[in-house]
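> Any chance you can model this:
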Amino acid sequence: MLTMFAAVSELERDFILHRSREGIAAARKRGVRFGRPIKKPPENFAEIVKLWERGDLPFSQVLKRTGLSEATFYRRLREWRIGRDKI
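Numbering: from 1, shown residues only. Model (predicted):
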């Protein structure tokens, strides 16, 4: 009897996984993005970075003005520098 319950449970789990995969695939076809939304830097990001690099603006003020966390700021800074080098 226990073996029957285990088999039914495993079959149910396979059905759930299959339906989940189908739902995710359908959502991706509709253009749904999964995960946390990307936080973009403000329009004056370049100006803030220049002030910070010259030493005219402390890092705490940089974070307040951009509205980004420390890790996100450095990530956006790296992306900005890479994009700037391509131009």
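> where does this structure have low pLDDT?
85-87 (pLDDT under 70).
> for it, longest helix please?
In terms of residue count, the longest helix belonging to the chain (DSSP state H) is helix 2-29.
> From the contact counts, what lies against that helix?
If you count contacts as 3 or more Cβ pairs under 8 Å, 6 or more residues apart in numbering; DSSP states H and E, helix 2-29 packs onto no helix or strand. Every C-beta, even on glycine, is put in place using the N, C-alpha and C of the backbone.
> How far off centre is that helix?
A distance of 28 Å separates the C-alpha centroid of helix 2-29 from that of its chain, computed with Cα atoms, centre = their mean, to the nearest Å.
> May I see the buried residues of that helix?
Within helix 2-29, not a single residue qualifies as buried, counting by 16 or more other Cβ atoms under 10 Å.
> Beyond it, next helix or strand please.
Scanning forward in sequence from helix 2-29 by DSSP states H and E, the next helix or strand is helix 45-54.
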